[in-house]
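K.L.:
Provided below are the primary sequence and the corresponding predicted coordinates.
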Amino acid sequence: MQSDVISDMVPPVSRDLGQSLCIITGASRGFGRCLALQIAGLLKPRSVLLLVARSGDKLRELQAELAASEAGRAGLVVRCVIADLGQKEAVEETVRAAKETCPIDIDRLILINNAASLGDVSRFALSFTDPAEVDSYLSLNVSSALSLTAGVMSAFPQRQGMRRYVVNISSLCAVQPFPSWVLYCTGKAARDMMFRVLAEEEPDLRVLNYAPGPLDTDMQVEARANTGDTVVRSSFSAMHSQGQLLTCEESGVKLMKLLLDDDFPSGAHLDFYDL
């Protein structure tokens with residue numbers, strides 16, 4: 001079983017994340033799905049794992065897999081929110097679901113902002129003449145992450161005995177320009193700065209921008225097929241053919257260790273290859 005393989009890869013330490021509320025956006029596939037399976041094994045019974053994505057069928061499949069896992073049998077509560085976070089109502093629904101399902105006393109609140117889209121990588125910056133097209137992309141990839149974070153943290157204000165974590169799934173594209181990836185690079189750079197500002201404003205929060213490295217996911221398939229810049233496209237194709245892409249499980253293990261060790265500078269941008 002995939003979940004057995006994943007659990008075997010989690011560092012065999014006698015540590016956990018306590019009784020927590022963990023919210024993962026973009027949880028139906030790829031890295032988000034992997035993180036849900038990995039973090040479930042680190043949560044104490046009666047913790048709540050809130051999975052958010054647009055694909056209801058895939059979310060329910062993941063929910064069933066988690067329910068059948070050791071964590072599920074031990075009392076992990078798994079709830080799905082089927083929603084497009086690019087819409088205000090979806091953000092509000094997610095916050096409401098978190099408040100309804102969360103235990104009164106939790107040790108940790110963990111929000112993992114993973115939901116993202118690649119955007120149209122077949123075109124170059126000067127082709128984006130329609131502001132509505134750009135606004136639509138930024139609504140899902142930037143605005144929703146800020147609004148969801150603000151809503152969740154307001155719903156669960158700081159109190160003694162609880163640690164609050166905000167994880168932004170970042171990218172090398174947040175710090176390095178990729179030709180024909182103007183939307184994706186802009187979104188990732190904006191999110192990094194957004195969460196760096198949050199870390200400065202809210203010193204009680206533990207904020208992390210984690211770049212998981214080049215993952216072997218559907219987004220990578222899309223990048224290899226559609227990237228307009230031939231150099232960038234060839235680079236991704238070479239990484240794939242030479243076996244240089246990372247599995248979601250490999251990268252997820254490092255993020256789990258960061259959360260367990262809890263010694264990263266709040267607001268830091270940490271890359272898989274830095275660790």
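P.N.:
Yep, it's here. Numbers count the residues shown, from 1 in each chain.
K.L.:
only C-alpha atoms for contact and neighbour calcs from this point on.
P.N.:
Fine.
K.L.:
And for residue 264, the neighbour number?
P.N.:
14 (other Cα atoms under 10 Å).
K.L.:
Spit out the contact partners of it.
P.N.:
208, 258 (Cα atoms under 8 Å, 6 or more residues apart in numbering).
K.L.:
now the strands for this structure?
P.N.:
20-25, 48-53, 77-82, 108-113, 163-169, 205-211, 268-271 (DSSP state E).
K.L.:
Adding mean pLDDT as columns, could you present those in CSV?
P.N.:
Formatted as CSV, those follow (pLDDT from 0 to 100):
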stretch, mean pLDDT
strand 20-25, 98
strand 48-53, 97
strand 77-82, 96
strand 108-113, 98
strand 163-169, 98
strand 205-211, 98
strand 268-271, 98
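K.L.:
okay, those in TSV with distance to residue 153 and mean neighbour count next?
P.N.:
Listed next are the strands of the chain as TSV, based on distance: least, Cα to Cα, whole Å; neighbours: other Cα atoms under 10 Å:
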stretch	distance to residue 153	mean neighbour count
strand 20-25	12	25
strand 48-53	15	25
strand 77-82	18	21
strand 108-113	9	23
strand 163-169	8	21
strand 205-211	9	24
strand 268-271	19	20
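K.L.:
got TSV for the ones you listed, with distance to residue 137 too?
P.N.:
Output for those, formatted as TSV (distance: least, Cα to Cα, whole Å):
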stretch	distance to residue 137
strand 20-25	16
strand 48-53	16
strand 77-82	19
strand 108-113	16
strand 163-169	17
strand 205-211	20
strand 268-271	23
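K.L.:
what's the closest of those to residue 152?
P.N.:
With Cα to Cα, the closest approach to residue 152 among these belongs to strand 108-113: 8.1 Å.
K.L.:
I'd like to know which elements the closest one is packed against.
P.N.:
Applying 3 or more Cα pairs under 8 Å, 6 or more residues apart in numbering; DSSP states H and E, we find strand 108-113 packed against strand 20-25, strand 163-169.
K.L.:
if we compare the ones you listed, which one ends up closest to residue 126?
P.N.:
Comparing those by Cα to Cα, strand 163-169 comes nearest, at 27.2 Å.
K.L.:
For burial, what's the neighbour tally of residue 129?
P.N.:
Neighbours of residue 129 using other Cα under 10 Å come to 9.
K.L.:
any idea how far it is from residue 273?
P.N.:
36 Å (Cα to Cα, to the nearest Å).
K.L.:
Alright, that wraps it up for me.
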